[in-house]
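Novice: Task: produce atomic coordinates for the following.
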Amino acid sequence: MPSKEALHAVTLWVAATHLQHVSQHAPRLAVVGPAKRCGKSRLLDVITETVHKPVITVNASTAAIFRSVTANPPTLLVDEADTLFGSPKMAEKNEDLRGLLNAGHQRNRPALRIAGPEHQPVSFPTFAMAALAGIGDLPDTIMDRAVVVRMRRRAPGERVATFRSRRDIPHLHLLRDRLAAWAGEVAELAVEREPQMPVEDRAADTWEPLVVVADLAGGPWPGLARSACAAMSAFEAGQDEEGGLRIRILADIRTAFASLGDPEALATTRLLGILKEDAEAPWAEYGTSGLTPRGLQLLLRDYGITSANIRFPDGIQAKGFARNKFLDAWARYCPTQAPAPPGD
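Specialist: Predicted structure coming up:
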């Protein structure tokens with residue numbers, strides 16, 4: 001495993017599959033790596049033998065997968081997911097499968113399909129946990145609903161224990177059966193749990209079933225679960241290059257205003273100069289010649305922030321940005337203090 005946090009996350013995810021029937025959300029597990037031979041398929045092999053009601057989707061039609069999801073949710077297992085979503089043509093061909101994986105993250109999101117000799121609309125349940133393994137990132141809508149484990153190839157000198165089906169699968173089945181028995185004992189308690197989370201919004205929805213398992217298990221698990229959640233969620237937030245830059249520009253503009261004593265407005269040229277002076281920031285090398293006024297406008301467009309003609313105290317009128325236009329975006333997307341992680 002690439003880290004102790006990833007190991008803890010996968011362990012909790014496997015246990016959570018046995019409590020799907022009482023969970024509000026069904027997190028995906030995205031096992032991705034940059035190339036072949038990173039251990040993705042092997043990890044999926046181990047997961048297959050320990051989760052609740054595994055359904056292996058290799059060579060299965062989307063219609064068959066739809067019909068495999070019942071009131072007692074299975075655990076969907078998708079290997080070589082890059083062959084399904086890795087190109088625009090394949091992604092378009094498998095759009096129904098992606099729709100199933102997106103909708104199935106939350107309970108009570110059925111899919112309507114025309115079925116039967118009468119060609120009547122039929123409602124199919126979609127709620128089921130799913131593990132997907134593949135080269136490269138999966139579609140954004142799946143990654144956003146997933147606990148992401150980024151595998152890496154073994155380095156020279158690193159040793160990994162071999163996996164032998166005849167020897168290891170019986171032990172994995174014993175573990176699976178123990179997890180199932182434990183889940184049966186705590187299911188009613190799990191229904192009532194609304195744990196405090198170190199993250200918010202969809203990340204909290206995705207990680208909540210794992211944290212519930214950890215809280216019910218007790219011991220060191222509540223702390224381990226929240227540490228893994230915080231660390232892995234923060235890492236993934238930085239992987240979205242476009243979205244990450246849009247958050248970064250807000251934070252850096254706030255720093256630029258603060259460095260000058262928070263004036264009411266800054267000229268666009270002055271703001272760009274400050275942004276590109278920071279050697280640790282990406283703005284001096286953004287695009288082909290550094291961040292431009294046009295590029296800045298595009299980064300801020302989704303926040304509804306635009307430049308305007310402003311008359312500055314020295315009497316000069318120029319294009320610039322008023323500080324009060326950023327206040328709402330700063331509060332929503334980059335608050336000055338993140339919520340403190342709750343105790344165990």
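Novice: what is the mean pLDDT for stretch 21-38?
Specialist: Summarised as a single mean, pLDDT over stretch 21-38 is 90.
Novice: should've said stretch 198-206
Specialist: Per-residue scores along stretch 198-206 average to 92.
Novice: Any buried residues in it, and which?
Specialist: Of the residues in stretch 198-206, 198-199, 203-206 count as buried by neighbour count, 16 or more other C-beta atoms under 10 Å. Every C-beta, even on glycine, is put in place using the N, C-alpha and C of the backbone.
Novice: so residue 320 sits right up against residue 308, yeah?
Specialist: Yes: judged on C-beta atoms under 8 Å, residue 320 makes contact with residue 308 at a distance of 7.1 Å.
Novice: Looking at the two, which is more packed in?
Specialist: residue 320 (21 against 11; other C-beta atoms under 10 Å).
Novice: Spit out the contact partners of that one.
Specialist: Residues in contact with residue 320 (C-beta atoms under 8 Å, 6 or more residues apart in numbering) are 265-268, 270-271, 307-308, 310, 312.
Novice: 6 Å instead?
Specialist: Applying C-beta atoms under 6 Å, 6 or more residues apart in numbering, we find residue 320 in contact with 265-268, 310.
Novice: Spell out which helix or strand contains it, please.
Specialist: Assigning secondary structure by DSSP states H and E places residue 320 in strand 317-322.
Novice: chain center to that strand, what's the gap?
Specialist: Computed by C-alpha atoms, centre = their mean, to the nearest Å, the chain-centroid distance of strand 317-322 equals 38 Å.
Novice: number of nearby residues for the closest residue in space to residue 193 that isn't next to it in sequence?
Specialist: Excluding its sequence neighbours, the residue lying closest to residue 193 (C-beta to C-beta, 6 or more residues apart in numbering) is residue 212, at 4.6 Å. By other C-beta under 10 Å, 26 other residues sit near residue 212.
Novice: Could you look up the SS state of residue 212?
Specialist: helix (DSSP: H, G, I helix; E, B strand; the rest coil).
Novice: could you measure it against residue 329, distance?
Specialist: Between residue 212 and residue 329 the computed distance is 33 Å (C-beta to C-beta, to the nearest Å).
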